[in-house]
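>>> Compute the structure for the input listed below.
(one chain, ligands or ions: 2)
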Amino acid sequence: MTAVYQQHGAIAVITLNNPPVNGLGHATRSGVVEGVNRALNDEAIKAIVITGGGKAFSGGADIKEFNSPKALQEPSLHTVIRVVEESTKPVVAAIHSVAMGGGLELALGCNYRVASPGAQIALPEVKLGILPGAGGTQRLPRVIGLEAALNMIVSGTPVLSEKLAGTKLFDQMIEGDLLQGALAFAEKVAAIRPLPKVRDMKIKHVNAEGYLQFARNTVRAVAGPFPAPLKCVEAIAAAFGKKFEDGLKVERDLFLELVQTTESKALRHAFFGERAASKILDVPADTPQREIKSAAVIGAGTMGGGIAMNFANAGIPVKILEMKQEALDKGLATIRKNYENSMKKGKLTQEKFDQRVGLISGTLSYEEIGQADIVIEAVFEDMGVKETVFKQLDAVMKPGAILASNTSTLDVDQIASFTKRPQDVIGMHFFSPANVMKLLEIVRGAKTGKDVLATTLALAKKIKKTGVVSGVCDGFIGNRMIEQYIRQAGFLLEEGCLPEQVDKAIEKLGFAMGPFRMSDLAGNDIGWYIRKRRYIDKPEVTYSKVADLLCEMGRYGQKTSGGWYDYKAGDRKAYSSAIVNDMIVAHSATLGIERRTISDQEIVERLLYSLVNEGAHILEEGIAMRASDIDMVYLTGYGFPLFRGGPMFYADTVGLSNVLMAMQRYAKGRHGDAWKPAPLLSKLAAEGASFN
Ligand code: 3HC
Ligand code: NAI
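Ligands and ions are numbered 1, 2, ... in the order given. Sure, this is the predicted structure:
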């Protein structure tokens with residue numbers, strides 16, 4: 001039973017006991033019902049306190065049970081709340097740390113609520129693509145008012161308990177020992193009748209209809225592809241002018257509808273995917289970690305500056321090393337400017353600005369960084385330069401320092417071999433802009449120490465990144481897959497598309513940017529440089545030369561005011577380019593290709609299934625540990641639409657046999673070699689199974 005029953009004099013205490021956050025799974029729900037019934041049947045008991053053991057009152061319904069029969073197995077959360085609400089003895093919720101979702105809904109079913117300051121109070125269901133389904137939309141407006149409740153429910157954002165003190169949500173705030181305070185409160189109210197119930201309270205608002213209509217319009221405008229926010233408003237609207245039970249029914253129906261949507265499944269997949277990514281099978285949670293109290297970064301260029309900012313933002317002092325004073329000054333000035341911009345936008349206070357800038361310093365001398373706990377190299381992408389740097393680091397860094405490389409394409413094992421301490425070497429592949437992008441690919445070398453990996457994963461959390469572990473291979477997880485996507489984008493141009501058609505098709509699916517707009521933003525010359533180097537020893541790899549022709553025209557993208565598109569000064573909008581389009585059509589003619597009309601469906605399938613197939617290779621080679629890791633890479637680093645859950649999840653929703661069938665169709669076209677299915681994909685499709 002995952003709720004513990006104890007008697008304190010005339011008060012029964014039911015303590016939710018389902019670590020880590022007292023999710024209200026079936027066993028916990030049963031425990032609460034049994035506890036309440038036991039207390040009701042015991043004449044010595046005058047009142048009941050429900051509280052949470054460990055680090056939460058309750059994080060809500062057990063999300064892991066969703067879509068499983070256990071979620072609905074009686075006692076359901078509804079039943080639990082009804083049992084509590086119908087109790088003939090007063091029930092007091094004693095809240096600390098976290099009361100979210102179903103946890104808060106359970107508390108709202110109690111007659112009284114007392115809380116410690118600092119507790120996070122939220123109905124965050126909307127973030128999982130659902131709505132509070134156990135009375136939250138009906139009861140919260142009754143205690144904190146329509147507008148405050150609507151804001152909390154539609155945003156899902158936690159509010160600190162002390163900010164809600166003075167509303168009817170809390171009968172008393174308790175400083176000090178919560179249980180003692182709750183017991184004293186329960187004694188005080190034990191004899192009061194009738195028992196107060198939130199469901200009986202009236203919601204007062206001068207113009208509820210008008211406000212709800214305003215809310216509908218506003219929410220519709222910002223909800224994008226997600227259905228849940230608007231349904232939250234509808235559920236709250238049902239709290240007006242209807243009997244309480246009827247309002248509950250509206251809420252329940254909308255909840256059941258939402259929980260089945262792909263959008264909600266994708267959001268829940270991302271929630272667990274993010275947490276799963278930090279778990280490494282052969283690196284147990286109790287693996288010792290190294291202390292990271294100071295950092296150094298080599299190279300103050302595009303990446304080095306952003307990487308250093310991450311450390312400063314987390315309160316860790318960081319020293320940047322450059323070869324020349326001029327480059328160092330330029331890098332430090334860029335960092336300062338970035339912080340100044342944040343301050344101008346009101347995102348940073350002067351105090352925080354001073355703090356962060358104060359944590360970043362520069363040097364030209366390796367001797368000065370030797371005592372750092374971690375050093376991250378972000379110099380030119382050239383093995384010779386990396387060799388020089390890592391040999392120097394090996395000579396100066398204190399024993400036990402972590403030596404990381406931000407390389408995006410080079411072999412981390414080879415980089416490790418330049419040192420006498422390969423166990424301390426790891427890849428930390430940040431994405432540009434490094435101070436903004438959530439993704440951090442953590443590249444585990446053949447000899448990387450488990451403690452180094454565990455430390456780096458914990459560090460990722462500390463600097464607010466989503467750390468995903470990748471094995472060593474060309475391009476790691478993200479760039480290795482994107483190469484296949486870019487290849488297909490090039491072939492599509494040769495066969496009949498123009499850049500805007502490809503971009504629009506994939507953007508319609510929800511991508512932030514299509515491949516050509518993205519490439520114009522990042523700089524077409526980067527890919528050109530990589531292709532020249534990478535394809536020299538891979539003559540078997542076919543790819544469209546059209547991107548090379550574009551670079552030969554000097555069209556590197558936004559920075560040269562022209563790439564796949566034309567750009568006007570001071571304007572980032574992409575304008576269709578007649579010169580480029582003519583070049584593409586002429587290139588098809590040179591290849592003897594008769595251009596054809598290509599459907600959006602074909603564009604989307606070819607772009608996404610090429611990602612999926614490479615993802616399947618990456619999985620079976622063990623480069624990624626699990627499909628959800630690949631999805632996290634794409635959701636946090638490549639603008640893959642969150643509501644589609646990442647490429648592997650997307651393939652699951654399409655059905656792997658359908659993906660395979662489409663690939664077999666494309667294999668009959670040009671460059672059929674690109675469509676050879678990964679054995680894992682064929683196997684899963686044949687079994688009717690899925691990646692996740
Ligand atoms: N159900 C099941 N497991 C949950 C959970 C939940 N509601 N909430 C968190 N967990 C698990 C996490 O998966 C993680 O497990 P792991 O250790 O095995 O990886 C563990 O609890 C700790 O989670 P975090 O790493 O996120 O820990 P934090 O301390 O940073 O945060 C938290 C704790 C604030 C509770 C955060 O986990 C959170 O926001 N959870 C989601 C809360 C939520 O969305 N609740 C609504 C559920 S839906 C609902 O109640 C429906 C109802 O209306 C009918
Ligand atoms: P950059 O050219 O902007 O910066 C490199 C900096 O390193 C320059 O300031 C240079 O003066 C300095 N430098 C070169 N050799 C040095 C040495 N021996 N000692 C000290 N400083 C030295 O390059 P960028 O874009 O920042 O890339 C750096 C690394 O990050 C590369 O390995 C790259 O592949 C990787 N990377 C780049 C991404 C991007 O989008 N730019 C994304 C992810 C990784």
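>>> ok and the residue in the chain nearest ligand 1?
Proximity of the chain to ligand 1 (C-beta to the nearest ligand atom) peaks at Gly101, 2.5 Å away. In this view, the C-beta of every residue, glycine as well, is placed from N, C-alpha and C.
>>> Run a quick neighbour tally on that residue.
Per other C-beta atoms under 10 Å, the neighbour tally for Gly101 reads 28.
>>> Same question for Ile426.
Ile426 has 27 neighbours, counted by other C-beta under 10 Å.
>>> any idea how far Ile415 is from it?
10 Å (C-beta to C-beta, to the nearest Å).
>>> so what's the one residue in the stretch 201-350 of the chain that gets nearest to ligand 2 scoring on pLDDT?
Nearest to ligand 2 in the stretch 201-350 of the chain, going by C-beta to the nearest ligand atom, is Gly301, at a distance of 1.8 Å. Per-residue pLDDT puts Gly301 at 95.
>>> Quick one: residues contacting it.
Residues counted as contacts of Gly301 (C-beta atoms under 8 Å, 6 or more residues apart in numbering) are 327, 331, 378-379.
>>> same thing but at 7 Å, please
For Gly301, the contacting residues are 331, 378, by C-beta atoms under 7 Å, 6 or more residues apart in numbering.
>>> That one and Leu493, how far apart?
Distance, Gly301 to Leu493, by C-beta to C-beta: 31 Å.
>>> now do Gln601
For Gln601 relative to Leu493 (C-beta to C-beta), the value is 17 Å.
>>> Repeat that for Phe271.
Counting by C-beta to C-beta, the gap between Phe271 and Leu493 amounts to 38 Å.
>>> the more surrounded of these two?
Taking neighbours as other C-beta under 10 Å, Phe271 and Leu493 compare with Leu493 leading, 27 against 15.
>>> What strand or helix carries that one?
Assigning secondary structure by DSSP states H and E places Leu493 in helix 476-495.
>>> The helix or strand immediately after that helix in the chain versus helix 476-495: what angle between them?
As assigned by DSSP H and E, the chain's next helix or strand after helix 476-495 is helix 499-508. Counting by axes from the mean of the first three to the mean of the last three C-alpha atoms, to 10 degrees, helix 499-508 lies at 130 degrees to helix 476-495.
>>> what comes up buried for helix 499-508?
499-503, 505-507 (16 or more other C-beta atoms under 10 Å).
>>> and what of stretch 139-155?
139-146, 148-150, 152-155.
>>> Please apply the same query to stretch 241-257.
If you call a residue buried by 16+ other C-beta under 10 Å, then stretch 241-257 has these buried ones: 244, 247-248, 250-251, 254-255.
>>> Identify the residues contacting it?
130-131, 133, 135, 137-138, 199, 231, 234-235, 238-239.
>>> Any chance of CSV for these, columns distance to Tyr634?
As requested, those are exported to CSV (distance: C-beta to C-beta, whole Å):
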residue, distance to Tyr634
Ile130, 23
Leu131, 27
Gly133, 30
Gly135, 37
Thr137, 33
Gln138, 38
Arg199, 44
Lys231, 27
Glu234, 32
Ala235, 32
Ala238, 37
Ala239, 39
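>>> ok, for Asp436, nearest residue in space, not its chain neighbours?
Residue 436: Val, not Asp. Distances taken as C-beta to C-beta, 6 or more residues apart in numbering place Gly306 nearest to Val436, at 7.5 Å, with adjacent residues excluded.
>>> what packs against the helix or strand the one you found falls within?
Counting by DSSP H and E, the element that carries Gly306 is helix 302-313. Helix 302-313 is packed against strand 295-298, strand 318-321, helix 325-344, helix 350-359, strand 425-430, with contacts defined by 3 or more C-beta pairs under 7 Å, 6 or more residues apart in numbering; DSSP states H and E.
>>> just how off-centre is that helix within its chain?
Helix 302-313 sits 20 Å away from the centroid of its parent chain (C-alpha atoms, centre = their mean, to the nearest Å).
>>> pretty sure Val114 belongs to a helix, no?
No. Assignment of Val114 by DSSP: H, G, I helix; E, B strand; the rest coil gives strand, placing it outside any helix.
>>> Not counting residues beside it along the chain, what's closest to Ala10?
Counting by C-beta to C-beta, 6+ apart, the residue nearest Ala10 is Lys46, at 4.2 Å.
>>> next one: phi and psi at the one you found?
Dihedral angles of Lys46 (phi, psi; degrees, to the nearest 10) stand at phi -110, psi -20.
>>> Report how many residues lie close to it.
18.
>>> residues contacting it?
Applying C-beta under 7 Å, 6+ apart, the residues contacting Lys46 are 10-11, 89, 190.
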